[in-house]
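Q: following is a predicted model, sequence given first.
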Amino acid sequence: MGASCAFGVFDGVHKGHQFLIDSACEMARENGGASVALTFDIDPDEVFRPDKLKKLMTNEERIQALSRTCADYVVVLPFTREFASQLPMDFLATTFGEEIIYSLHVGNDFRFGCKAQGTVADLKAWGDGLGVRICDHDLKSKYGSPITATRIRGLLSCGDCEVATKLLGHPYTFTGKVLEGRHEGADMGFATANLELPAMRQVLGEGVYAAYGYVDGRKYKVAMSVGVAPTFEDATATCEAHILDFEGDIYGDTITIEPVHYLRPMIKFESTDELIATVMDNIAWTRENL
Ligand SMILES: Cc1cc2nc3c(=O)[nH]c(=O)nc-3n(C[C@H](O)[C@H](O)[C@H](O)COP(=O)(O)O)c2cc1C
Ligand SMILES: Nc1ncnc2c1ncn2[C@@H]1O[C@H](COP(=O)(O)OP(=O)(O)OP(=O)(O)O)[C@@H](O)[C@H]1O
């Protein structure tokens with residue numbers, strides 16, 4: 001029996017993606033075939049619009065998250081400019097070859113092939129010829145509009161971690177390497193881990209947040225700033241995390257941050273004392289409320 005496949009990029013593996021993959025799994029269960037999450041090794045926008053691209057997950061995180069869904073298999077297609085420039089029917093022939101699948105599940109906005117010319121109507125014409133069921137699903141919505149990765153990125157850029165988490169169906173996290181900072185924080189009474197994040201992963205809007213941090217498999221409360229500190233001309237770090245009740249040398253280590261709540265915008269303080277008092281308040285809020 002042919003497989004039932006859900007097809008897409010799936011950045012974030014959000015609730016809409018989960019619904020689509022669940023639909024493929026349900027059909028596979030009904031007909032006794034396998035279920036497949038079919039995706040690309042990279043985000044097509046990494047090839048076509050790398051400058052503007054922001055991503056909810058790295059490609060490795062995305063494939064790992066897909067492997068935790070109900071799908072029996074995650075099939076990862078290598079995405080190249082050459083592959084993408086094929087006319088829609090050639091794109092499908094290259095993707096599926098001689099493999100006759102049972103069903104293909106996509107959202108009704110799905111586009112594919114050269115300049116995204118291929119539509120659900122093209123998919124249906126292809127499916128009719130081969131006896132493949134094309135299941136084009138209405139996009140799953142929440143709070144009045146469709147759940148999309150673009151919408152979730154927009155929410156995070158405004159600091160709305162709570163609604164983003166609801167649409168994702170799991171917490172939003174990012175992982176970065178700890179770099180040496182200016183060593184000012186410890187003197188001010190709050191040591192910070194300065195995180196290096198590639199531009200593509202800087203989705204979260206500038207501001208101060210209460211968060212959780214995962215260091216060496218342990219979970220801590222974190223008060224963190226996102227954006228270069230405007231008070232100090234020599235500051236360069238784009239994300240600084242004060243890990244509560246943590247002491248230790250973690251330079252060079254990789255830590256994962258789960259932002260939970262936006263506290264305030266970044267401020268250019270007139271004095272260091274004012275900065276310290278405000279940051280201490282943010283740390284106290286995090287301690288009491290997380
Ligand atoms: C919770 C928190 C809030 C912060 N808020 C601000 C801010 O509003 N304005 C600012 O200029 N820097 C802010 N910072 C950044 C600090 O100025 C910075 O961590 C400190 O100068 C130490 O920098 P260093 O790690 O490079 O030594 C904040 C840092 C934390 C942890
Ligand atoms: N809310 C949704 N409900 C059902 N299917 C969806 C939903 N959002 C996306 N899909 C489908 O999931 C697959 C993967 O889509 P894609 O990776 O483009 O997600 P997206 O969230 O729309 O991303 P972006 O906002 O970056 O375009 C496609 O078949 C798409 O049509």
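A: Great, that's in hand. Ligands and ions are numbered 1, 2, ... in the order given.
Q: give the contact list for the closest residue to ligand 1 within the stretch 1-150 of the chain.
A: Nearest to ligand 1, among the residues of the stretch 1-150 of the chain, is residue 54, at 22.4 Å (Cβ to the nearest ligand atom). Where you see a C-beta, it was placed from the backbone N, CA and C, and this is true even at glycine. Residues counted as contacts of residue 54 (Cβ atoms under 8 Å, 6 or more residues apart in numbering) are 153, 157, 200-203.
Q: what about 10 Å?
A: Contacts here follow Cβ atoms under 10 Å, 6 or more residues apart in numbering; on that basis residue 54 touches 11, 45, 149-150, 153-154, 156-157, 199-204.
Q: helix or strand: which one has the residue positioned nearest the centre of the chain?
A: Closest to where the C-alpha atoms of the chain average out (Cα atoms, centre = their mean) is residue 56, at 1.8 Å. Using DSSP states H and E, residue 56 falls within no helix or strand.
Q: residues near the closest residue to it other than its chain neighbours, how many?
A: Of all residues not flanking residue 56 in the chain, residue 12 sits nearest, at 3.6 Å (Cβ to Cβ, 6 or more residues apart in numbering). When neighbours are counted by other Cβ atoms under 10 Å, residue 12 registers 29.
Q: using the three-state scheme, assign residue 12.
A: coil (DSSP: H, G, I helix; E, B strand; the rest coil).
Q: pretty sure it contacts residue 171?
A: No - contact criterion Cβ atoms under 10 Å: residue 12 and residue 171 do not qualify, at 11.5 Å.
Q: between those two, what contacts are shared?
A: In contact with both residue 12 and residue 171: residue 164, using Cβ under 10 Å, 6+ apart.
Q: ranges for the strands of the stretch 101-250 of the chain?
A: Here the stretch 101-250 of the chain has its strands, by DSSP state E, counting those that start in this stretch, at 103-107, 133-137, 141-142, 145-146, 174-179, 193-196, 207-215, 218-226, 239-243.
Q: check which helices and strands the last one sits against.
A: Applying 3 or more Cβ pairs under 10 Å, 6 or more residues apart in numbering; DSSP states H and E, one finds that strand 239-243 contacts strand 174-179, strand 193-196, strand 207-215, strand 218-226, strand 254-264, helix 272-289.
Q: what strands line up against the second one, and which way round?
A: I take that to be strand 193-196. The strands beside strand 193-196 in its sheet (DSSP bridges) come out as strand 174-179 (antiparallel), strand 239-243 (antiparallel).
Q: before we move on, what about the third one?
A: When sheet partners are counted by DSSP bridges, strand 207-215 sits next to strand 218-226 (antiparallel), strand 254-264 (antiparallel).
Q: list the buried residues in the longest one.
A: Spelled out, it's strand 254-264. 255, 257-263 (16 or more other Cβ atoms under 10 Å).
Q: closest to residue 6 out of those residues?
A: residue 258 (26.4 Å; Cβ to Cβ).
Q: tell me who's in contact with the closest one.
A: Counted by Cβ under 10 Å, 6+ apart, residue 258 has contacts 161, 165, 170-174, 209, 211-214, 219, 222.
Q: around ligand 2, pick out the residues from the stretch 1-150 of the chain.
A: 7-11, 16-17, 19-20, 106-107, 109-110, 137, 139-140, 146-150 (Cβ under 6 Å from any ligand atom).
Q: among the residues you listed, name the ones in helices.
A: 16-17, 19-20, 149-150 (DSSP state H).
Q: I'd like those residues as CSV, with pLDDT appended.
A: Converted to CSV, these look like this (pLDDT from 0 to 100):
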residue, pLDDT
16, 98
17, 98
19, 98
20, 98
149, 96
150, 95
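Q: kind regards, and thank you for your time.
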